[in-house]
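Student: My questions are about this predicted structure, shown below with the sequence.
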Amino acid sequence: MTLALAYWQESILRVLGVTVAVLLPAGTFVYVFLFKLMSFMQSRLGPMEAGPYGSMQLLAEVGKFLQKEDIFPEKADRALFRLAPYVVVASAFLVYVVVPFGPDALFADLDTGVFLVLALSSVSVLGVLMAGWASANKYSLMGGLRAAGQLIAYELPMVLAVVGVVIQAETLNMQQIVLTQNDGEIFGWGGLGNPFVLTQFVGFVVFLVATQAELTQPPFDMPVAESELVTGYMTEYSGLRFLLFFIGEFATAGAFAAIAATLFLGGWGIPFFPSDADWMNLVGPLVLFSKIMFVALLIFWFRFTYPRLREDQLQQFAWKYLIPIALANIVVTGILKVAF
Amino acid sequence: MSVIDRRELSALAARAADARVNVELETEGMTLNIGPQHPATHGTLRIIVRLDGEQVVWAEPVCGYMHRGYEKLVEVRSYPQVNTLINRIDWLGSFANEVPFILACEQLMEIEAPPRAQYIRTILFELSRISNVSLGLGDAALQLGAQTAAFYAFRDREYVLNLVEAATGGRFHPNFDRIGGLKDDLPKGWIDETKVAMRKVRDYCDEIETLVFGNEIFEARTRGIGVIPREVALQYGLSGANLRGSGVDWDLRRDQKLPMAWDKCDWKVWTHPDGDSFSRLWVRLKETYEATLIVDQLCESLPSGPVMAKVPRIIKVPEGEAWISTENPLGEMGYYVVSKGDTGPFRVKIRSASFNNISVVPWVLRGVYVPDVITILASLYFILGDIDR
């Protein structure tokens, strides 16, 4: 694109862009998956009253949360209690900085994009721990500690799953990874490009499972476990701060779905179409969005189906199965990379 | 043992638990109040647990937050009025609460309901079992984090509640049983509707079996968790599916001769030898299925005739004492009725199943982890109204 913009204009555009990029998928997830898909799976209708087909329900919910009283527990650490939800939301927003939406439509073209994404996505642990500690509530504290243990355990398989992709693409740059997938070949056949979900299927599965755990969604939702810990670190939050956690939860789901779509499903690219055309800047975001929705469908489908694991079972699952599988995947990928 | 003694003992046990934790690991224990307001206690049960990390070292249930004093209240009510009160003990299977009381009164008055009334009583009894236990299964899945099963439970329980409503006029509290028979006969077309509904409930059982019981995570969470051996179960006076889940073949419907219709049809008492959470829930699932078969068979062979025996207009129960207990959805439920020949009972002792079933909680919770506390409570399956009468 050859648009000449002043620095401040560009900055405002980017801020608006990230806001839209985060809130749009988050809102869509809540409506399409949480309200509607979940309802249909559970043989009920979901919201039907607010707006046509219940489509305004999300606005109604936001309005409700904004009106609620902002309660501080008596013994809460006020500063941390205030800060925690913003840390969680910020980590979701920051991830989008390096996610490319088209050949030129991206916020920052970093050569260490993958590294940054994985680092930023684990910042939310801090927010969760802060919330758990600052609430001065035993349930919250347990939730916070469980979340910390769980997120650390599942950070590792996630990183290892991505390493396979990085080996195959020979770059840490998210944009380059997308381009490699679009123009790639599978063992000499380049008809479809090479979405890494085909050659890195094991990695994709490990990544999805780890994502599920990072998002603290069933079957890995021990930190929030509403029937045990009464939503854990969120127990004491109400009103706007709860809304922020709520947005954070779904925005993070969107962020991880975006990463998975970019790394494994070919990002904004479409097979059989040129990846350097100008119109891809307009179509690209839509393509990426539909891929995000597909990954989110998988994530939420698990969420609605499975019961919850126990904390020790979760750790066993990560250390005994996921990490060895991910390591084996790296080894095999490396061998094949050298051989071909 | 007096209340004060018990309190002292509990305090001693708590201190001992603290000391043990401190010596072994040099950590400080934490006391966690699960309840009285906690989603897993479905009501107002409070369980005090002392934790070492996430491990329970000591636990005690505290009940009585919802005590409504029914045993005292029934002393100032007439016999037909008592019916309304005892409907509310186990509110998910209300009709089953009425039956043992009515049977005890009938025994004292030396009358027996006509055969048709006995059949319909048994059918409604089993329907209330289905409406209670099917929801309990969905709720257990919900406690373990699988929301979907709970909604299926509510959906299919609706068919049963509609049947109860069509027959009695009340969905939750039928208040339909009378001394000497029933208030009314069944409405037209009820039998056919029942058969359709029973087929749907059987589908629900199959669905739950594949969705929940066939799930690896569910098995990992429930198998070997909260094992209650046969002897312990008998010592603590467990009853119902909790006892049968520990491998004791004991079912009052089969073992005791009552003027009801259970002996008129073929059915099976399910037991499971393991005694863990899985076996208790599995026995409940099988019982729900079995209950639909009982209802089907009784609907087939329903005799004709009146539904009310000859009883005086004003019911006065002759002097005497009677104890009748039946196999209710939650376990053995019985009434010890003492009459002085008045229009109302002199004293009624209510033996409800859940109160005895949760008495095993301190024993079974020792040494388990916090998530397993929820699993075990869900598998013991209590109704708060049944604990605090």
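Tutor: Noted; the coordinates are in hand. Only a predicted model underlies this, so the values are computations on that prediction, with no experimental measurement involved.
Student: Name the residue of chain B with the shortest distance to chain A.
Tutor: At 2.9 Å from chain A, B:Gly145 is the closest residue in chain B, using C-beta to the nearest C-beta. All C-beta atoms are positioned from the backbone trio N, CA, C, and that covers glycine.
Student: Look up how far A:Ser91 lies from A:Ala326.
Tutor: For A:Ala326, the distance to A:Ser91 equals 23 Å [C-beta to C-beta, to the nearest Å].
Student: more crowded one of these two?
Tutor: A:Ala326 (25 against 22; other C-beta atoms under 10 Å in any protein chain shown).
Student: Make sure I have this right: that one is in a helix.
Tutor: Yes - under DSSP: H, G, I helix; E, B strand; the rest coil, A:Ala326 sits within a helix.
Student: That one and chain B: what is the separation?
Tutor: 21 Å (C-beta to the nearest C-beta, to the nearest Å).
Student: quick one on the thing from earlier: how about the residue of chain B closest to chain A, secondary structure?
Tutor: Classification of B:Gly145 by three-state DSSP places it in coil.
Student: so who does it touch?
Tutor: Residues near B:Gly145 by C-beta atoms under 8 Å, 6 or more residues apart in numbering or on different chains: A:218-219, A:221, A:225, A:227, A:306-308.
Student: Report the spatially nearest residue to it, omitting neighbours in sequence.
Tutor: Distances taken as C-beta to C-beta, 6 or more residues apart in numbering or on different chains place A:Arg308 nearest to B:Gly145, at 2.9 Å, with adjacent residues excluded.
Student: again, but for A:Met130
Tutor: A:Ala84 (4.1 Å).
Student: That neighbour is in contact with A:Val128, isn't it?
Tutor: Yes - assessed by C-beta atoms under 8 Å, A:Ala84 is found in contact with A:Val128 at 7.5 Å.
Student: Now the common contact residues for those two.
Tutor: With C-beta under 8 Å, 6+ apart, A:Ala84 and A:Val128 have common neighbours A:Tyr233.
Student: give me the number of residues near B:Gly64?
Tutor: Around B:Gly64 there are 11 residues (other C-beta under 10 Å).
Student: what about the closest residue to B:Lys340 other than its chain neighbours, distance to B:Glu71?
Tutor: Of all residues not flanking B:Lys340 in the chain, B:Phe346 sits nearest, at 4.4 Å (C-beta to C-beta, 6+ apart). Distance of B:Phe346 to B:Glu71, given as C-beta to C-beta: 12 Å.
Student: ok, now A:Ile71?
Tutor: Using C-beta to C-beta, A:Ile71 is found at 41 Å from B:Glu71.
Student: out of those two, which sits in the busier spot?
Tutor: B:Glu71 (16 against 13).
Student: Phi, psi for the more buried one please.
Tutor: B:Glu71 adopts backbone torsions of phi -60, psi -40, taken as degrees, to the nearest 10.
Student: Distance of the residue of chain B closest to chain A relative to B:Val227?
Tutor: Distance of B:Gly145 to B:Val227, given as C-beta to C-beta: 22 Å.
Student: quick one: low-confidence parts of chain A?
Tutor: A:1-3, A:105, A:184-194, A:272-275 (pLDDT under 70).
Student: Grab the most central residue of it for me.
Tutor: Geometric centre of chain A, nearest residue: A:Phe256, 2.1 Å, by C-alpha atoms, centre = their mean.
Student: secondary structure element for that one?
Tutor: Using DSSP states H and E, A:Phe256 sits within helix A:239-264.
Student: what sits against the residue nearest to B:Val373 when sequence neighbours are not counted?
Tutor: Distances taken as C-beta to C-beta, 6+ apart put B:Leu365 closest to B:Val373, at 5.9 Å, once the chain neighbours are dropped. For B:Leu365, the contact set (C-beta under 8 Å, 6+ apart) comprises B:47, B:49, B:56, B:59, B:226, B:373, B:376.
Student: Show me the shaky parts of chain B.
Tutor: Counting by pLDDT under 70, chain B shows low-confidence ranges at B:1-4, B:7, B:16-28, B:40-41.
Student: Please list the residues of it that sit near chain A.
Tutor: Contact residues (C-beta under 8 Å from any C-beta of the partner chain) of chain B with chain A: B:30, B:32, B:38-40, B:54, B:141-148, B:151-152, B:155, B:211-212, B:215, B:217-218, B:220-221, B:369-374.
Student: returning to what we had before: wait, the residue nearest to the centre of chain A touches A:Val209, no?
Tutor: No - using C-beta under 8 Å, A:Phe256 makes no contact with A:Val209, being 11.6 Å away.
Student: All the helices of the stretch 1-150 of chain B, residue numbers only.
Tutor: Ranges of helices within the stretch 1-150 of chain B are B:3-25, B:70-73, B:79-86, B:94-109, B:115-143, B:147-168, based on DSSP state H, counting those that start in this stretch.
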